[in-house]
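Asker: Next comes the sequence, and after it the predicted model I'd like to discuss.
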Amino acid sequence: MPREKVSACTGRKPAERRPTLGGGNCALRRKLSPAQTAVLRYTAAGFSAKEIARARCCGTRTIETHVERIRGKLGAVTKAHAVDLAWRAGILP
């Protein structure tokens, strides 16, 4: 009986994956640092840069820089676009 393939990155079978863009979700996930992933999760939840900065004990400008770099790495035009791309890639639940 053949074994089913399971993605090492997501632990899901290929049919269970969300639609991906470009290089797939593993490549996008590796591009983001843990801090950038956390900021992206806060952004997806609707927090402002000021609220995220307060929660992460850093400056607002640091959060804005994280968001700029996230957008660049994902190829997004806006924060909302970055959240959408991350969701489609499986980075966000």
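Answerer: Structure received. Numbering: from 1, shown residues only.
Asker: The lengthiest helix in the chain packs against which elements?
Answerer: Scanning the chain for the longest helix, with DSSP state H as the assignment, gives helix 60-74. Helix 60-74 sits against helix 25-31, helix 34-44, helix 49-56, helix 79-89, with contacts defined as 3 or more C-beta pairs under 8 Å, 6 or more residues apart in numbering; DSSP states H and E. Glycine gets a C-beta too; all of them are placed from N, C-alpha and C.
Asker: and with 7 Å instead?
Answerer: Packing contacts for helix 60-74, counted by 3 or more C-beta pairs under 7 Å, 6 or more residues apart in numbering; DSSP states H and E, involve helix 34-44, helix 49-56, helix 79-89.
Asker: Next, the angle from that helix to helix 34-44.
Answerer: On the basis of axes from the mean of the first three to the mean of the last three C-alpha atoms, to 10 degrees, helix 60-74 is oriented at 100 degrees to helix 34-44.
Asker: For helix 60-74, give me every contacting residue.
Answerer: Residues outside helix 60-74 that contact it (C-beta atoms under 7 Å, 6 or more residues apart in numbering) are 28, 31-32, 35-36, 39-40, 43, 49-50, 52-53, 79, 82, 85-86.
Asker: Which PyMOL command selects the buried ones in those residues?
Answerer: Of the contacts of helix 60-74, the buried ones can be selected in PyMOL as follows, counting by 16 or more other C-beta atoms under 10 Å:
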select buried, resi 28+31+32+36+39+40+43+49+52+53+79+82+85+86
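Asker: Farthest-apart pair in the contacts of helix 60-74, please.
Answerer: Leu28 and Lys50 (26.9 Å; C-beta to C-beta).
Asker: Tell me where this structure is predicted with low confidence.
Answerer: Scanning the chain with the threshold set as pLDDT under 70 gives 1-29.
Asker: ok, 50 please
Answerer: 1-2, 6-10, 14-24 (pLDDT under 50).
Asker: As TSV, the helices and strands packed on helix 60-74 with distance to Thr65 would be great.
Answerer: Shown next, in TSV, are the helices and strands packed on helix 60-74 (distance: least, C-beta to C-beta, whole Å):
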stretch	distance to Thr65
helix 34-44	10
helix 49-56	10
helix 79-89	13
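Asker: ok, now which ones touch Arg41?
Answerer: Contacts of Arg41 by C-beta under 7 Å, 6+ apart are Leu92.
Asker: Alright, calling it a day.
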